[in-house]
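# Provide a 3D model corresponding to the input given below.
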Amino acid sequence: MDIPRQIAPFLSQALRRFPAVVVTGPRRAGKTTLLRASLPHAQYVLLEDPDIQDRIRRDPRAFLDSLRPPVIFDEIQNTPQLLDYVRTLVDARPRKMGQWLFTGSQEAPLMQGVTESMAGRAAILQLLPFSLKETDKADPLLGGFPEVVLRPRGRELWFSSYLQTYIERDVRLITSVRDLPAFRRFLSLVASRHGQMLNKSDLAAPLGISVPTISEWLRILEMTGQIILVPPYFENFGKRLVKSPKVYWGDTGLACHLLGIQAQAELDRSPFLGSIFEGFVAAEILKSQVNRGKRKELYYFRDQQGLEIDFLVPRPNARFWLVEAKASKTVHASMAAPMLALTRAAGDRVTRRLVVYRKARTGPSFTALAKGVEALTLDQFAEEINRG
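Numbers count the residues shown, from 1 in each chain. Below you'll find the predicted structure:
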């Protein structure tokens, strides 16, 4: 099934304006499919192929000379040295646009190579798994990875294979993790803290490893696009604030798999339902930003007196939305209280206050809350967050 990606128009613009384009994002988010659909006649080179890697190591210039642009290089993090040689070809024909296309699953190491080799020559885009704006088949249980969304019956096998590939390729390529079984347990432990404030000591103790090791492993998850760290909002509005970020898995389907949740009925009964739903809303906000070519920017608010707002979403002119994510199918006026309390301190900088909840199969999809607070189903919120 061909599902158009929301970022496609921005990719088309980049292909017209830059000699090279780099698309980053988590493994299996659909980067290769996106590029091949945008440039169906481009030559395709898979850089995970050992034979290709050997040819590049032995004679990179001869390898490039054998290609006829436009060329898609898939998983450039496997041969980052190729960027230096592509740069010389770009400089030789600087007005030839959309000739060199790259995908990469490891954002931080890849970005360092692009910054050093392709500065000013390459457009950088990020592709995340499917959003609700792209397909209504994405949901908190399945997440948004294309292969899971399109073939949900095979989700458990797919996620198991994904984790094995991720650990053996992406993780090992970044750093030498000596204890892979401990790293696998670490992934499940992070899933059990999904939606909570990050406490590295709390993660280190059950695994019997050091806090610096936890910091390194979290860095790996973040740079490979597996987790979302949502920082606290930095303005205090006259309040004393907490300083720790909240941690979410970027894909709630993968989080459910790590938690052993295999069916919607299990998720409905799970104590993780609220945090899984909250994480799905966080991912939708970030997807709405990167899919429109904007930088990711999302915060939460919590002060030391216990006032907490799930998300603050920056908007133009230093304003923001307040968003509360509730897994309930029924909304109540009490859900609006934290947002109203913060609004009194933030003043006219708050432009909208939204409670996002799960839509019931029957009954109205909207329930009036306090004045100035809107209640939106998840689908309605996906439409609103993608406007403008």
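
# Residue 88: what secondary structure?
helix (DSSP: H, G, I helix; E, B strand; the rest coil).

# Model confidence for it, exactly?
With respect to pLDDT, residue 88 has a value of 93.

# how near is it to residue 94?
11 Å (CB to CB, to the nearest Å). No exception for glycine: its C-beta is placed from N, CA and C like everyone else's.

# Residue 220 too?
According to CB to CB, residue 220 stands 36 Å off from residue 94.

# ok, the two, which is more surrounded?
Shown here are residue 220 and residue 94; by other CB atoms under 10 Å, residue 220 has more neighbours (20 against 10).

# My reading is that that one is in a helix; is that accurate?
Yes. Secondary structure of residue 220 (three-state DSSP): part of a helix.

# right, and it touches residue 173 too?
No. Using CB atoms under 8 Å as the test, residue 220 is too far from residue 173 to be in contact (10.1 Å).

# Phi first, then psi, for residue 102.
When read as degrees, to the nearest 10, the backbone of residue 102 gives phi -130, psi 140.

# I misspoke; the intended subject was residue 173.
Backbone geometry at residue 173, expressed as degrees, to the nearest 10, gives phi -70, psi -30.

# Might one say that it is in contact with residue 78?
Yes. Under the criterion of CB under 8 Å, residue 173 makes contact with residue 78 at 7.5 Å.

# Which helix or strand contains the most far-flung residue of the chain relative to its centre?
Computed with CA atoms, centre = their mean, the residue of the chain farthest from its C-alpha average is residue 62, at 36.7 Å. In the assignment (DSSP states H and E), residue 62 maps to helix 60-65.

# following that helix, which helix or strand shows up next?
The C-terminal neighbour of helix 60-65 among helices and strands, as given by DSSP H and E, is strand 71-74.

# partners of that following strand, with directions?
With DSSP bridges as the test, strand 71-74 is paired with strand 43-46 (parallel), strand 100-104 (parallel).

# hey, which of the ones you listed is tucked in deepest?
strand 100-104 (a mean of 28; mean count of other CB atoms under 10 Å).

# Let me see the domain layout of the chain.
8-126, 146-385 (automatic domain parsing).

# looking at these, which is closest to residue 135?
Nearest to residue 135, of all those, is domain 146-385, at 6.3 Å by CB to CB.

# Extract the residue ranges of the stretch 1-150 of the chain that are flagged as low pLDDT.
The stretch 1-150 of the chain contains residues with pLDDT under 70 at 1.

# packing partners for the helix or strand hosting residue 346?
Per DSSP H and E, residue 346 falls inside helix 337-346. Secondary-structure packing of helix 337-346 (3 or more CB pairs under 8 Å, 6 or more residues apart in numbering; DSSP states H and E): strand 308-315, strand 319-326, strand 350-357.

# Show residues contacting that helix.
Helix 337-346 is touched from outside by 237-239, 301, 307-309, 322, 324, 350, 353, 355, 370, 372-373, with contacts defined as CB atoms under 8 Å, 6 or more residues apart in numbering.

# Mind doing that once more with 7 Å?
237-239, 301, 307-309, 322, 324, 350, 353, 370, 373 (CB atoms under 7 Å, 6 or more residues apart in numbering).

# in stretch 338-347, what counts as buried?
338-340, 342-343, 345-346 (16 or more other CB atoms under 10 Å).

# Any idea how far apart the tips of stretch 148-163 sit?
End-to-end span of stretch 148-163 (CA to CA, to the nearest Å): 14 Å.

# Narrow the contacts of helix 337-346 to just the buried residues.
Buried residues within the contacts of helix 337-346, counting neighbours by 16+ other CB under 10 Å: 237, 301, 307, 309, 322, 324, 350, 353, 373.

# Export these as a markdown table, with columns for distance to residue 332.
What follows is the buried ones among the contacts of helix 337-346, written out as a markdown table (distance: CB to CB, whole Å):
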| residue | distance to residue 332 |
| --- | --- |
| 237 | 25 |
| 301 | 21 |
| 307 | 18 |
| 309 | 17 |
| 322 | 17 |
| 324 | 11 |
| 350 | 21 |
| 353 | 15 |
| 373 | 11 |
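
# Dump the helix or strand where residue 280 lies to CSV, restricted to CA.
In this assignment (DSSP H and E), residue 280 forms part of helix 273-290. Provided in CSV are the C-alpha atoms of helix 273-290 (Å, rounded to 0.1, in the frame of the first residue of the first chain):
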residue,chain,number,x,y,z
LEU,A,273,-2.1,2.8,29.3
GLY,A,274,-1.9,6.4,30.3
SER,A,275,1.9,6.8,29.7
ILE,A,276,1.6,5.0,26.3
PHE,A,277,-1.1,7.3,25.2
GLU,A,278,0.8,10.3,26.4
GLY,A,279,3.9,9.1,24.5
PHE,A,280,1.9,8.7,21.4
VAL,A,281,0.7,12.3,21.7
ALA,A,282,4.3,13.5,22.2
ALA,A,283,5.4,11.6,19.0
GLU,A,284,2.5,13.2,17.1
ILE,A,285,3.6,16.7,18.1
LEU,A,286,7.2,16.0,17.0
LYS,A,287,6.1,14.4,13.8
SER,A,288,4.0,17.4,12.9
GLN,A,289,7.1,19.6,13.3
VAL,A,290,9.7,17.6,11.4
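
# Which residue ranges of the protein form strands?
Shown for the chain, the strands assigned by DSSP state E span residues 20-24, 43-46, 71-74, 100-104, 122-126, 196-197, 227-230, 246-249, 299-302, 308-315, 319-326, 350-357, 373-377.
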